[in-house]
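Q: next comes the sequence, and after it the predicted model I'd like to discuss.
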Amino acid sequence: MSNNIMKLFGLTASKERVDSCELTNKNGMRLKVTNYGATIISLKIPLKNGEFVDVVLGFDTLDAYIKSFDLESAPYFGATVGRYAGRINNGFFSLNGKDFHLNKNNNNNSLHGGNIGFSQKMWRVKNAKEGKNPAITFAYFSPDGEENYPGGLSVEITYMVSEDNELIIEYKAISTEDTVVNLTHHSYFNLDGHDSDILEQELIVNSQKMVETTDQNSPTGRFLDLDNKPFDFNKPKKCPSKIDATFILEKKNEFAASLFNKKNNLKMSVYTNQPAVHIYVGGNCFNTIKGKDNADYHALSGICFEAQNFPDAPNHEHFPNAILKKGEIYYHKTSYKFQSF
């Protein structure tokens with residue numbers, strides 16, 4: 001393993017060292033990641049005209065990432081989310097006849113893994129490779145009972161920058177006991193650069209149904225047909241100013257969603273083996289923390305494509321299975337492909 005590609009990113013309050021690493025493919029596409037939260041800091045995409053655009057929101061310092069979790073609504077910029085992405089209603093589920101009460105951090109719910117989810121953990125670098133299809137693998141062990149989840153969970157996440165200008169993310173996890181797992185990636189994308197808004201960018205979501213939710217954003221258990229409804233994005237429409245919705249993906253081997261920016265003719269397509277993509281527009285830092293290059297992030301700064309299982313799936317038998325059996329392997333692959341026209 002080549003440790004020389006890891007560079008100091010900062011120190012935590014307890015003086016723990018945090019590193020960052022930059023991976024570059026032959027086209028000049030550059031990914032910068034840190035082992036704090038296995039987080040993407042920047043993603044620079046080459047355009048046809050030779051310029052580069054940083055398509056994800058983020059911060060320049062480790063301190064800003066740490067402080068962002070104290071904002072009134074933590075943005076989770078570029079973070080790996082777990083042990084369970086999305087909401088678990090009332091922070092409660094039953095498994096094998098036993099009740100589990102998770103830490104609640106979102107009204108009465110457990111969101112994105114609880115009080116201190118995977119997004120705020122120190123991951124270790126397992127290996128890194130430069131050259132063709134450069135990649136880095138982070139590992140984290142979540143002990144039995146962390147945030148009140150059962151089972152010790154060993155997680156690995158690999159970020160790869162392919163020669164076809166794809167960001168490929170692979171997750172693997174194995175547990176010492178039956179548990180529930182739902183991992184996702186939480187970058188806020190903006191194809192016009194991280195310091196503008198997404199309102200003129202065109203969104204397509206390859207989905208006929210979404211998960212119905214209460215006004216608290218917890219699933220009711222029902223699905224909504226999208227045909228000719230406001231959130232029907234089967235034909236390209238401009239990004240909505242407000243969306244926080246789980247779209248069901250039923251077409252295997254097809255793209256899940258895409259985003260297109262007419263200003264620079266850049267397109268991003270999302271592919272995943274997961275049953276849903278949760279789409280969220282936001283990024284507001286409430287004028288409290290500055291973004292990269294001194295940017296002021298606001299409620300329309302970026303759009304998330306969180307490929308994942310349905311929120312609250314452990315509490316709905318007809319939702320896709322979220323249980324990871326002891327010794328079995330959880331495998332999730334999502335890729336974001338960039339094309340410049």
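A: Looks like it came in fine. Note that the coordinates shown come from a computational prediction; the quantities given were computed from them, not determined experimentally.
Q: F233 - nearest residue in space that isn't next to it in sequence?
A: Counting by Cβ to Cβ, 6 or more residues apart in numbering, F233 lies nearest to V205, which is 3.9 Å off, once chain neighbours are set aside. Any C-beta I mention is one placed from the backbone N, CA and C, and that applies to glycine too.
Q: tally of neighbours for the one you found?
A: As a burial measure, V205 scores 25 neighbours (other Cβ atoms under 10 Å).
Q: list the residues that contact N4.
A: Under the criterion of Cβ atoms under 8 Å, 6 or more residues apart in numbering, N4 has no neighbours.
Q: I'd guess it is in a strand, am I close?
A: No. Going by DSSP: H, G, I helix; E, B strand; the rest coil, the assignment for N4 is helix, not a strand.
Q: thinking again about what came up before, quick check: bridge partners of the residue nearest to F233?
A: In this structure, V205 bridges to A257 when assessed by DSSP bridges.
Q: that one and A256 touch, don't they?
A: Yes. Counting by Cβ atoms under 8 Å, V205 touches A256, with 7.4 Å between them.
Q: beta partners of the most centrally placed residue in the chain?
A: Compute the mean C-alpha point of the chain, and by Cα atoms, centre = their mean the closest residue is H185, 1.7 Å away. Under DSSP bridges, the beta-bridge partners of H185 are T80.
Q: do the same with E22
A: Those that pair with E22 in a beta bridge, by DSSP bridges, are K32.
Q: the helices in the stretch 1-150 of the chain, which residues?
A: Counting by DSSP state H, counting those that start in this stretch, one finds helices in the stretch 1-150 of the chain at the ranges 62-68.
Q: look up the pLDDT of the residue nearest to F233 for me, please.
A: As predicted, V205 sits at a pLDDT of 98.
Q: now N3
A: pLDDT, read off for N3, is 55.
Q: which one in this structure is furthest away from the centre?
A: Farthest-from-centroid check, the chain (Cα atoms, centre = their mean): G97, 31.1 Å.
Q: report the separation between I88 and A173.
A: Applying Cβ to Cβ, to the nearest Å, the value for I88 to A173 is 17 Å.
Q: higher neighbour count, these two?
A: I88 (29 against 23).
Q: so who does that one touch?
A: Counting by Cβ under 8 Å, 6+ apart, I88 touches 102, 109-111, 311-312, 314-315.
Q: out of the residues you listed, which are inside strands?
A: Residues of the contacts of I88 located in strands (DSSP state E): 110-111.
Q: tabulate the contacts of I88 (CSV), appending pLDDT.
A: Formatted as CSV, the contacts of I88 follow (pLDDT from 0 to 100):
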residue, pLDDT
L102, 98
N109, 96
S110, 97
L111, 97
P311, 98
D312, 98
P314, 98
N315, 98
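Q: for the spatially closest residue to P275 that is not a sequence neighbour, give me its contacts.
A: In space, and not counting its chain neighbours, P275 is closest to P320: 4.4 Å by Cβ to Cβ, 6+ apart. Contacts for P320 were tallied using Cβ under 8 Å, 6+ apart; they are 275-276, 309-310, 313.
Q: now those as CSV including distance to V125?
A: As requested, the contacts of P320 are exported to CSV (distance: Cβ to Cβ, whole Å):
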residue, distance to V125
P275, 30
A276, 30
N309, 27
F310, 32
A313, 31
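Q: top of those residues by neighbour count?
A: For these, counting by other Cβ under 10 Å, the largest number of neighbours falls to A276: 29 neighbours.
Q: gap between it and S110?
A: Separation of A276 from S110 (Cβ to Cβ): 18 Å.
Q: which residues in the stretch 51-200 of the chain form strands?
A: Taking DSSP state E, counting those that start in this stretch, the strands of the stretch 51-200 of the chain run over residues 52-54, 79-81, 87-88, 92-95, 98-101, 110-111, 124-129, 135-142, 153-161, 166-175, 179-180, 184-186, 188-189.
Q: pLDDT averaged over the first one - what is it?
A: So that's strand 52-54. Per-region confidence: strand 52-54 scores 98 on mean pLDDT.
Q: could you list every helix and strand in contact with that strand?
A: On a contact count with 3 or more Cβ pairs under 8 Å, 6 or more residues apart in numbering; DSSP states H and E, strand 52-54 meets strand 39-46.
Q: alpha carbons of the strand it packs on, as CSV, please.
A: Extracted as CSV, the C-alpha positions of strand 39-46 are listed here (Å, rounded to 0.1, in the frame of the first residue of the first chain):
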residue,chain,number,x,y,z
THR,A,39,-16.1,11.6,3.1
ILE,A,40,-15.7,13.1,-0.4
ILE,A,41,-14.3,16.6,-0.2
SER,A,42,-14.1,17.5,-3.9
LEU,A,43,-14.8,15.9,-7.3
LYS,A,44,-13.3,17.8,-10.3
ILE,A,45,-14.6,16.8,-13.7
PRO,A,46,-12.9,17.7,-17.0
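Q: that strand vs strand 153-161, what angle?
A: In terms of direction (axes from the mean of the first three to the mean of the last three Cα atoms, to 10 degrees), strand 39-46 departs from strand 153-161 by 20 degrees.
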